[in-house]
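> Would you be able to build a 3D model of this:
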Amino acid sequence: MERPSLEFKLPDTHEEGKLYVVDSLNNLNKLNVCPAESQHSLDQEDNTGGTGESMAGSSTSKQRFFFVTFVLTLTVSLVLVSFVIFLIFQTRNEVDQISSRLLSEEKNIEELKKLNNIILKHLNQSRIKE
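Numbering: from 1, shown residues only. You can find the predicted model right below:
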């Protein structure tokens, strides 16, 4: 069995022709090295001209998606924090109102105790007189 020669004699052609031959050899080498499933990726690379335009577009769309998601997350977080701060102030106001009512009621209770003591003293004095 003869082994195929790895050396190729390229004919003297113009620069563009040389590039075409080298490109064809590279494609042939890729076909021999890569499995059949990767042929699809090779076809895509050929369609984009091998410049990576599809990768750049994909990367840009991923960055745009990440940026939009990031901005939405920040907005939602800001709204939630604002709502929590609003609830804290509302709760503080309610607690202040309840506290002031309790102080008022405490004063009323103290006055009622004084009145009760006065009434009891008066009743005790009236019993003594009887």
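> Only C-alpha atoms from now on, for both contacts and neighbour counts.
OK.
> Now do the helices in the chain.
Applying DSSP state H to the chain gives helices spanning 15-33, 39-47, 53-129.
> For stretch 81-93, buried residues please.
Neighbour-count burial for stretch 81-93, counted by 16 or more other Cα atoms under 10 Å, picks out no residue.
> lowest-pLDDT helix or strand in the protein?
Lowest mean confidence among the helices and strands of the chain (mean pLDDT, DSSP states H and E): helix 39-47, at a mean of 55.
> Count the residues that sit near residue 27.
Other residues lying near residue 27 total 14 when counted by other Cα atoms under 10 Å.
> Could you report the distance from it to residue 21?
According to Cα to Cα, to the nearest Å, residue 27 stands 10 Å off from residue 21.
> about what we covered before: any idea which of the helices of the chain scores lowest on pLDDT?
The weakest mean pLDDT among those belongs to helix 39-47, with a mean of 55.
> Roughly how far does residue 118 sit from residue 109?
Residue 118 is 14 Å from residue 109, where distance means Cα to Cα.
> for residue 24, same thing?
With Cα to Cα as the criterion, residue 24 and residue 109 are 102 Å apart.
> Residue 25: neighbour count?
When neighbours are defined as other Cα under 10 Å, residue 25 has 13 of them.
> check contacts around it.
Neighbour list for residue 25: empty [criterion: Cα atoms under 8 Å, 6 or more residues apart in numbering].
> let's have the chain start at 134 instead
Got it, first residue is 134 now, which makes that one residue 158.
> So residue 162 versus residue 194, what's the distance?
According to Cα to Cα, residue 162 stands 33 Å off from residue 194.
> Residue 244 now?
Distance from residue 244 to residue 194, counting by Cα to Cα: 75 Å.
> Sort out which residues of stretch 251-259 are buried, please.
For stretch 251-259, it's none, nothing buried (16+ other Cα under 10 Å).
> got the contact list for that stretch?
Residues contacting stretch 251-259 (Cα under 8 Å, 6+ apart): none.
> Could you export it as CSV, CA atoms only?
Extracted C-alpha coordinates of stretch 251-259, given in CSV (Å, rounded to 0.1, in the frame of the first residue of the first chain):
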residue,chain,number,x,y,z
ILE,A,251,-60.3,62.1,96.7
ILE,A,252,-63.7,60.3,96.7
LEU,A,253,-62.4,57.6,99.0
LYS,A,254,-61.1,60.2,101.4
HIS,A,255,-64.3,62.1,101.3
LEU,A,256,-66.3,58.9,101.9
ASN,A,257,-64.0,57.9,104.8
GLN,A,258,-64.4,61.4,106.3
SER,A,259,-68.1,61.2,105.9
